[in-house]
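Colleague: prediction below, plus the sequence it came from.
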Amino acid sequence: MGLRVDKNNEEEMMFQDVIQQMIKEKTTTAYVYNKNIVDRLQKEMPNLEIKHKDFYWTVRRKDVNKRPLTKKRICEELYISRPTLDNWLKLGCPYHIVGGRKYFMIDEVEEWIKSK
């Protein structure tokens, strides 16, 4: 499940919270709104992929891009509901079938979203 880091919290508390969540693998993605936190994460955790969006940064463990995600996990990572994902599937959202179940690669889904 993704972690939202609010810019109103104290900077050190935010940094420690992101680190703890990423290390314990309770989350694979964090949305960070503070540039100082992003800079520290880049220095102290080289296994993260950081992408700048409009007014925040997406911080993701690099290994998440390599693993297929279930419907539940992709919804958690993208902060969408299951009905939204079902609608996206009707519109052509990419997925892979393994053992009769649908799995998603987060990079492929994000690229598909950008193309819409």
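Modeller: Perfect, I can see it now. Numbering: from 1, shown residues only.
Colleague: CA atoms for contacts and neighbours, from now on please.
Modeller: Will do.
Colleague: okay, now I97: neighbour count?
Modeller: Counted with other CA atoms under 10 Å, the neighbours of I97 add up to 9.
Colleague: pretty sure it belongs to a strand, no?
Modeller: Yes - according to DSSP: H, G, I helix; E, B strand; the rest coil, I97 belongs to a strand.
Colleague: relative to S81, how far out is it?
Modeller: I97 sits 20 Å away from S81 when distances are taken as CA to CA, to the nearest Å.
Colleague: quick one: distance of stretch 90-102 to the chain centre.
Modeller: Taking CA atoms, centre = their mean, to the nearest Å, one finds stretch 90-102 lying 19 Å from the centre of the chain it belongs to.
Colleague: dump it to PDB, restricted to CA.
Modeller: Extracted in PDB, the C-alpha atoms of stretch 90-102 (Å, rounded to 0.1, in the frame of the first residue of the first chain):
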ATOM      1  CA  LYS A  90     -12.500  -2.400 -20.500                       C
ATOM      2  CA  LEU A  91     -10.600   0.500 -22.000                       C
ATOM      3  CA  GLY A  92      -7.500  -1.600 -22.700                       C
ATOM      4  CA  CYS A  93      -5.300  -1.300 -19.500                       C
ATOM      5  CA  PRO A  94      -2.400  -3.800 -20.000                       C
ATOM      6  CA  TYR A  95      -2.300  -6.900 -17.900                       C
ATOM      7  CA  HIS A  96      -0.800 -10.400 -18.000                       C
ATOM      8  CA  ILE A  97      -2.500 -13.700 -17.200                       C
ATOM      9  CA  VAL A  98      -0.600 -16.200 -15.100                       C
ATOM     10  CA  GLY A  99      -2.400 -19.300 -13.900                       C
ATOM     11  CA  GLY A 100      -5.800 -17.900 -14.900                       C
ATOM     12  CA  ARG A 101      -5.300 -14.700 -12.800                       C
ATOM     13  CA  LYS A 102      -4.600 -11.100 -14.000                       C
END
